[in-house]
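> Pasting the sequence and the predicted model now:
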Amino acid sequence: MFSKACKAHLKQVNESGLQHAYQAIVVAIRLQLVIPAVIIHAIIPGLFTNTATNVMKSILEKRHEQTTKR
């Protein structure tokens, strides 16, 4: 069902296919939710100055914690 590269990646992040799919969907939703702030920031740079950066850092930190503690 999964290619060798896919299986290797899942093993590297210590997740099953379903766990990985769930995490990817959560990340996608979080990124979609920050888009309005990024658009507003593009028009009015004084607003939401760190919002996108903070969300992306949070995603990466959480992902790092999840993949290293297993």
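Ah, there it is.

> center of the chain - which residue?
For the chain, the residue nearest the mean C-alpha position is V27 (3.5 Å; Cα atoms, centre = their mean).

> tell me which element that one is part of?
For V27, the element it lies in under DSSP states H and E is helix 17-43.

> Same check on Q66?
Secondary structure from DSSP H and E places Q66 in helix 51-68.

> try G46
Using DSSP H and E, G46 falls within no helix or strand.

> any idea how far N54 is from it?
Separation of G46 from N54 (Cβ to Cβ, to the nearest Å) stands at 16 Å. Bear in mind the C-beta positions are built from the backbone N, C-alpha and C, glycine included.

> So which of the two has more stuff around it?
N54 (12 against 6; other Cβ atoms under 10 Å).

> That one: what's it in contact with?
N54 sits next to no residue when contact means Cβ atoms under 8 Å, 6 or more residues apart in numbering.

> go with 10 Å
By Cβ atoms under 10 Å, 6 or more residues apart in numbering, N54 lies in contact with V34, F48.

> And Q19, how far from K4?
19 Å.

> Comparing the two, which residue is more hemmed in?
Using other Cβ under 10 Å as the criterion, Q19 and K4 rank with Q19 on top: 14 against 7.

> so where is the chain shaky, pLDDT-wise?
For the chain, applying pLDDT under 70 flags the ranges 1, 70.

> if we go to 50?
By pLDDT under 50, the chain has no low-scoring segment.
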